[in-house]
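Visitor: mind folding the following:
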Amino acid sequence: MTALEQVIDSINFRRSLFKQDEYDIDNLSDTDKKELLDWIMDCLSPEHISADGERSATEQKRLTVMYEKAAKQLGCDDIYNYWTNS
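Guide: As a prediction, this is how the structure comes out:
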């Protein structure tokens, strides 16, 4: 499973709880991609990555790499400057 698939599966699980439309990885519109990149950027915040200090450094690194790879698979080479460039 690719990083993007993992991220979309996680988001789709949350969306299904609220009966929202789920993302289709094979049919992502530009709006979908922007929403996903916004979500990824939020997930890369220090508070989220560290779970306010509850996650191990190894788990933080794993999540960071996964989110960075997912952003690249969406066509964003530099997620940390995404908001300034979008």
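
Visitor: what's the longest helix in the chain?
Guide: helix 57-73 (DSSP state H).

Visitor: so which bits of that one are buried?
Guide: 63, 66-71, 73 (16 or more other C-beta atoms under 10 Å). C-beta: built from backbone N, CA, C; applies to glycine.

Visitor: mind checking pLDDT for the residue lying closest to K33 once chain neighbours are set aside?
Guide: Nearest residue to K33, sequence neighbours excluded (C-beta to C-beta, 6 or more residues apart in numbering): L74, at 5.1 Å. pLDDT for L74: 95.

Visitor: can you pull the contacts of L74?
Guide: L74 sits next to 4, 28, 33, 36-37, 40 when contact means C-beta atoms under 8 Å, 6 or more residues apart in numbering.

Visitor: could you measure from it over to E35?
Guide: 10 Å (C-beta to C-beta, to the nearest Å).

Visitor: convert stretch 13-30 to CSV, retaining C-alpha atoms only.
Guide: Extracted in CSV, the C-alpha atoms of stretch 13-30 (Å, rounded to 0.1, in the frame of the first residue of the first chain):
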residue,chain,number,x,y,z
PHE,A,13,-12.5,6.1,7.6
ARG,A,14,-13.1,9.4,9.3
ARG,A,15,-15.3,10.7,6.5
SER,A,16,-17.4,7.5,6.6
LEU,A,17,-18.2,8.1,10.3
PHE,A,18,-19.8,11.4,9.4
LYS,A,19,-21.5,10.0,6.2
GLN,A,20,-19.4,12.2,3.9
ASP,A,21,-18.3,11.2,0.4
GLU,A,22,-15.1,9.3,0.4
TYR,A,23,-12.1,10.1,-1.8
ASP,A,24,-11.5,7.8,-4.8
ILE,A,25,-7.8,7.5,-5.3
ASP,A,26,-8.3,6.8,-9.0
ASN,A,27,-10.5,9.9,-9.6
LEU,A,28,-9.0,12.8,-7.6
SER,A,29,-10.1,16.2,-8.8
ASP,A,30,-7.8,19.3,-8.2
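
Visitor: many thanks, have a good one.
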